[in-house]
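**Student:** give me the fold of what follows.
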Amino acid sequence: CTCLSINPQAHATSPSFDCGKVEKGSIEELVCQSAELTDLDVKLANAYKAASQKAANQHPNLLKAEQRGWIKGRNDCWKSDDKNACVADSYRQRTAELQARYQLIAGKGPVHYACDGNPAKEVVATFYPTEPKSVVAEFGDSSSLMFLQDSDSGQHYVGRNETLTAGKDITTVVWGYEAPQMQCKALDKPHQQ
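**Tutor:** Numbers count the residues shown, from 1 in each chain. Have a look, this model is predicted:
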């Protein structure tokens, strides 16, 4: 790896790819030049390897396609004003996604919530101590991965079109674009992070 000659503040760890083959000015070069980004790349590579082993009998092609999509998204960080922060956030979020979706780390839960006073209207959530913290929630026949956002209203997790805000007594859930907010109560003791 030519990483050490590129970076005057050399680091001993190499990323998961060959730094000698990266394009000048690319996001990969940025990773090779940064000890923090290299460490995040190695952590992601390990999580991806573990997820691949778990997905081998389930949906390995989907995992590979998602990873290619993630790489494309990470590489779009060249457009960011703070490329390092963009790349670091991208690595952290993808690693957390793999850890939660493939249960690579222990989660707390599942917590079962009855929503809108109807026990049949159930949301099931498992909370993961990932970085950033995450929750995998299921409602009906779909699931959503959500990440913890800063919030004054409790633990506020945001996914694509779903949110889960875990309050002291009531957890609010929105499931789908412009869907109504559901008021949910834990059927079992919630495990907060």
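
**Student:** beyond the biggest strand by length in the chain, next helix or strand please.
**Tutor:** With secondary structure taken from DSSP state E, the chain has its longest strand at strand 118-128. Once the chain leaves strand 118-128, the next helix or strand it forms, by DSSP states H and E, is strand 134-139.

**Student:** which secondary structure elements does that following strand contact?
**Tutor:** Packing partners of strand 134-139 (3 or more Cβ pairs under 8 Å, 6 or more residues apart in numbering; DSSP states H and E): helix 83-101, strand 118-128, strand 142-149, strand 155-158, strand 162-166, strand 171-175. Backbone N, C-alpha and C define where each C-beta goes, glycine included.

**Student:** same thing but 6 Å
**Tutor:** helix 83-101, strand 118-128, strand 142-149 (3 or more Cβ pairs under 6 Å, 6 or more residues apart in numbering; DSSP states H and E).

**Student:** out of those, which one sits most buried?
**Tutor:** Compared across these, helix 83-101 shows the largest average neighbour count, a mean of 20 (mean count of other Cβ atoms under 10 Å).

**Student:** angle of the strand or helix carrying Pro110 against strand 134-139?
**Tutor:** If you go by DSSP H and E, Pro110 is part of strand 108-115. With axes from the mean of the first three to the mean of the last three Cα atoms, to 10 degrees applied, the angle from strand 108-115 to strand 134-139 works out at 40 degrees.

**Student:** so for strand 108-115, mean pLDDT?
**Tutor:** The average pLDDT for strand 108-115 rounds to 94.

**Student:** where does this structure have low pLDDT?
**Tutor:** 1-12, 59-60, 151-154, 189-193 (pLDDT under 70).

**Student:** what about Val174, how many neighbours?
**Tutor:** Val174: 17 surrounding residues under other Cβ atoms under 10 Å.

**Student:** center of this protein - which residue?
**Tutor:** When Cα atoms, centre = their mean is applied to the chain, the residue found nearest the centroid is Glu97 (2.9 Å).

**Student:** leaving out chain neighbours, which residue sits closest to it?
**Tutor:** Leu145 (5.9 Å; Cβ to Cβ, 6 or more residues apart in numbering).

**Student:** so what's Ala96 closest to, chain neighbours aside?
**Tutor:** Thr130 (3.5 Å).

**Student:** what does Ile27 give?
**Tutor:** Asn75 (4.8 Å).

**Student:** relative to helix 83-101, how tilted is the helix or strand hosting the one you found?
**Tutor:** Element membership for Asn75 (DSSP H and E) is helix 60-75. Using the same axes, to 10 degrees, one finds that helix 60-75 and helix 83-101 are set 160 degrees apart in direction.
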